[in-house]
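Asks: need coordinates for the following:
(chains A and B)
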Amino acid sequence: MGDAQLTLSLRSTHVVFASLLAFTVAMLASTKNALAVPSFARQTGFACEACHTVFPELTPFGRQFKLNGYLVDNLPQIKDVTSENQEALLLNWLPPLSLQFVTSYTKFKTALPDPNGGLSQNGTVQFPEQASLFYAGRIAPKLGAFIQLTYSNSSNQFGWDNTDIRFADQTALAKEKLAWGLTFNNAPTVQDVWNSTPAWKYPFAQTSSIAPLPSPALTGLVPVTQLDGIGNGTVAGLGAYGYWNDLVYFEVGGYGAAPHGVSAPLNSQFTGEVVSGLAPYWRVAIEPKWGRQSIEVGLVGFADQIVPQGLNVQSGPTNRYIDLAFDAQYQYIGDDNIMSAELTYIYEKQSLNATLPMDPSNTLKTFRLGGSYFYRRQWGGSLGYFSTAGNTNAALYPGTSTGTPNTAGWAAELDYLPWLNVKLAIQYTFYNKFDGAQSNYNGTGRNAFANNTLYLYAWFAF
Amino acid sequence: MKINFSAALAALCALGVSDAKGENDRSAERMATRVCAMCHGPDGDSISPTFPRLAGQSAQYVEAQLKSFRDRTRADPPAMAYMWGMAAQLDDATIKGLATFYASREAQAVSHRPSPALELGKEIYERGLPANGVPPCGSCHGAAARGNATVPRLAGQHPEYLFKQLAFFKAKLRGNDPVMAAVCAEMTDEQMRTVAAYASSRQAK
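Replies: Below is the predicted model of the structure:
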């Protein structure tokens, strides 16, 4: 096929996709709300709106549901008891399974550079961009699980995604209720119940998986803080938490290396980055509520040591990271109008003794502020600002023209939810700065705004 | 010694029934404080007006509503979203236990500032809207709005919640009470808001 034919074919594909999306929007615009039925809805009988304003943002009830171990159950149960009448088994008659499917179209203001020169194809359809299988719900009398397996288009395989298995119970402390529990999860903040922490950040929980990433630092890692960047499939953590008087949350725990795809105990043959030793994690938050409004203000602390790629995981030097995060969330949940705002600030102190022993002390700061509004959970939109900034260090950031990792910009999104479990969205990301510069950030004349990203996506959960 | 087996059997049965009732009440209380409390508050004193306050509510009324959720004859949107699922597996004994628990909690007052709207609400509550066929609310709910048997307590309830219920009755979305549907049929939104505010403002105890 010649270039002209290929271009025509690609354009036709885009026109057909855009037409289908427009047709779908037009058809669905005439429909009315119905109930959504993913895993938790199947188990509890609650509609999505009980736990979510708009997925994945949790309502106060959704937070309670998670903190209490995903245990509320309104399905017939398979039961067993001991001779002392203690519950020995409590299983849902049917497993609370569900699927999530995201398909998308991504186009950059200027096509991304091709590694072999020139420009890459611009305008990419991903079908699916990602697809997830969930088991989410009660698995024993006081034990619940949220388990997500996700197929990613870019890797063309299923991988282990967010996982949180928790034991939960209630007691009294100072005459007030204390919901407490243990959480076994696979990344810091996966277990958190507010959407101002990284794992379940909102708005802009869904962004294009092919959007350009900042150039890797000399450490081999993309310059984002550990709380933002440490991924599922690299660590496992255990934490103990309490939520007192529906007001004060506290948690302490730790993470250790648990890399996937390793068939033997870690040894000198392992060449990837790996967390060394115990990585402590703590969290405190307070959430006063009045009427339909709530405000959360909290802190997160996390510290880890990483053996960079290629060094001996047993005896090699480590890079040390200490993260301290401040987060806040406001929600107003009315019958018709829903508003929320989330703020995240993460300060990271780095001691890169393995990668840059002559100049180890560096800092990285992440700031995100976003707000969203929805009318009757059907029409809505979000606006947000994001920024990652660090000190100047040309040796640490060799892929940048300024020696800084600074990337910042704005994002806006318009959403239409014909039903609670279907979202059609148009998102635009505008970059003020990329890889430390506004213009010519990569030394070949490319400007930050060339990476501006138009992202159309359709999200289905069922 | 001669044993009266019939009397002994009756006593044992009574003891059994009493124990079962106690167990039911404890189980219902546990459910109320651990599960229902997530929305309705630990003592039935919810914060968000999306969820009604249940403290001090008539036991018969709570029992009737829970059964309505269970058999899906109460079908307003929040009922479908939350309570259809929540009530699906409740048996009659648990429903009775929950109703007893909430009736035993102390109703709390809602603070209201004096306003012309409250005065208008008082007028409707006490005299009705004869031209529109709306009877005085107090004739069923009582002058103090504390309800009676199957008629719910309104005093101390969230005013927004009361307004939404009146709107649901009018729109026939809440179809488990034909009397209230008829009462609200000719009421305007403003009239429903003011009377909801007045009823809510009555002394809770």
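
Asks: so B:Tyr82 makes contact with A:Thr44?
Replies: No. Applying CB atoms under 8 Å as the test, B:Tyr82 and A:Thr44 come out as separate, 9.1 Å apart. Just so you know, the C-beta spots here come from the backbone N, C-alpha and C atoms, and that holds for glycine as well.

Asks: buried sites along the helix or strand encompassing B:Ala99?
Replies: B:Ala99 belongs to helix B:92-104 when assigned by DSSP states H and E. Residues of helix B:92-104 classed as buried under the neighbour-count rule (16 or more other CB atoms under 10 Å in any protein chain shown) are B:Thr94, B:Ile95, B:Lys96, B:Gly97, B:Leu98, B:Ala99, B:Thr100, B:Phe101, B:Tyr102, B:Ala103.

Asks: now the fifth one: how far from A:Val72?
Replies: The reference is to B:Leu98. In this view, B:Leu98 and A:Val72 are 15 Å apart by CB to CB, to the nearest Å.

Asks: I'd like the next helix or strand past the helix holding B:Ala99.
Replies: Next in sequence after helix B:92-104, counting helices and strands by DSSP H and E, comes helix B:116-127.

Asks: now whichever helix or strand comes after that next one: buried residues?
Replies: With elements assigned by DSSP H and E, the helix or strand that comes after helix B:116-127 is helix B:138-141. Going by neighbour count (16+ other CB under 10 Å), the buried part of helix B:138-141 is B:Gly138, B:His141.

Asks: ditto for stretch A:141-152
Replies: In stretch A:141-152, counting by 16+ other CB under 10 Å, buried: A:Pro141, A:Lys142, A:Leu143, A:Gly144, A:Ala145, A:Phe146, A:Ile147, A:Gln148, A:Thr150, A:Tyr151, A:Ser152.

Asks: name the helix or strand of chain A that has the lowest mean pLDDT.
Replies: Across the helices and strands of chain A, mean pLDDT, DSSP states H and E gives its lowest value to helix A:3-28, namely a mean of 42.

Asks: what's around the closest residue to chain A within chain B, how many residues?
Replies: With CB to the nearest CB as the measure, B:Gly85 is the residue of chain B nearest to chain A, at 1.9 Å. Other residues within reach of B:Gly85 by the criterion other CB atoms under 10 Å in any protein chain shown amount to 23.

Asks: let me know the helix or strand that it is in.
Replies: Taking DSSP H and E as the criterion, the element that holds B:Gly85 is helix B:84-87.

Asks: for that helix, name the packing helices and strands.
Replies: Counting contacts by 3 or more CB pairs under 8 Å, 6 or more residues apart in numbering or on different chains; DSSP states H and E, the secondary-structure elements packed against helix B:84-87 are helix A:39-44, helix B:59-70.

Asks: could I get these as a markdown table with mean pLDDT, mean neighbour count and distance to B:Pro49?
Replies: As requested, the helices and strands packed on helix B:84-87 are arranged in a markdown table below (pLDDT from 0 to 100; neighbours: other CB atoms under 10 Å in any protein chain shown; distance: least, CB to CB, whole Å):
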| stretch | mean pLDDT | mean neighbour count | distance to B:Pro49 |
| --- | --- | --- | --- |
| helix A:39-44 | 84 | 24 | 22 |
| helix B:59-70 | 96 | 20 | 17 |
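
Asks: these: which one's closest to B:Met180?
Replies: Each of these was scored for nearness to B:Met180 using CB to CB, and the closest is helix B:59-70 (12.3 Å).

Asks: could you identify the helix or strand that succeeds the closest one?
Replies: Next helix or strand after helix B:59-70 toward the C-terminus (DSSP H and E): helix B:77-78.

Asks: residues making contact with that following helix?
Replies: Where contact means CB atoms under 8 Å, 6 or more residues apart in numbering or on different chains, the residues beyond helix B:77-78 that reach it are B:Thr50, B:Lys164, B:Phe168, B:Leu173.

Asks: who touches the third one in this structure?
Replies: With contacts taken as CB under 8 Å, 6+ apart, B:Phe168 has the following neighbours: B:Asp76, B:Pro77, B:Arg174.

Asks: reformat those as TSV; add neighbour count.
Replies: Below are the contacts of B:Phe168 laid out as TSV (neighbours: other CB atoms under 10 Å in any protein chain shown):
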residue	neighbour count
B:Asp76	19
B:Pro77	15
B:Arg174	24
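
Asks: ok, back up a step: check whether the helix holding B:Ala99 contacts chain A.
Replies: No. Contact between helix B:92-104 and chain A, assessed by CB under 8 Å from any CB of the partner chain, is absent, since the two come no nearer than 12.3 Å.

Asks: output the set of residues of chain B in proximity to chain A.
Replies: Proximity of chain B to chain A, by CB under 8 Å from any CB, involves residues B:33-35, B:37-39, B:42, B:47-50, B:80-82, B:84-89, B:164.

Asks: among these, which are in helices?
Replies: Members of the residues of chain B next to chain A lying in helices (criterion: DSSP state H): B:Ala37, B:Met38, B:Cys39, B:Trp84, B:Gly85, B:Met86, B:Ala87, B:Lys164.

Asks: with adjacent residues omitted, what lies nearest to the second one?
Replies: If I follow you right, that is B:Met38. Nearest in space to B:Met38, with sequence neighbours left out and distances taken as CB to CB, 6 or more residues apart in numbering or on different chains, is A:Gln64 at 4.1 Å.

Asks: could you confirm that neighbour falls within a strand?
Replies: No. Remark: A:Gln64 does not belong to a strand; assigned using DSSP: H, G, I helix; E, B strand; the rest coil, it is helix.

Asks: so what's A:Val222 scoring on pLDDT?
Replies: On the pLDDT scale, A:Val222 is placed at 93.

Asks: check which helix or strand it maps to.
Replies: Of the helices and strands defined by DSSP H and E, none includes A:Val222.

Asks: for A:Trp194, give its distance to A:Ser208.
Replies: 25 Å.

Asks: can I get the helix or strand harbouring A:Leu417 as CSV, trimmed to CA atoms?
Replies: In the assignment (DSSP H and E), A:Leu417 maps to strand A:407-419. Extracted in CSV, the C-alpha atoms of strand A:407-419 (Å, rounded to 0.1, in the frame of the first residue of the first chain):
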residue,chain,number,x,y,z
THR,A,407,6.7,19.8,33.2
ALA,A,408,3.5,21.7,33.7
GLY,A,409,0.2,22.5,32.1
TRP,A,410,-3.6,22.5,32.1
ALA,A,411,-6.2,19.9,31.3
ALA,A,412,-9.9,20.3,30.6
GLU,A,413,-12.5,17.6,30.0
LEU,A,414,-16.2,17.6,29.0
ASP,A,415,-18.2,14.5,29.9
TYR,A,416,-21.5,13.0,29.0
LEU,A,417,-22.8,10.0,30.9
PRO,A,418,-25.9,8.6,29.2
TRP,A,419,-26.0,6.0,32.0
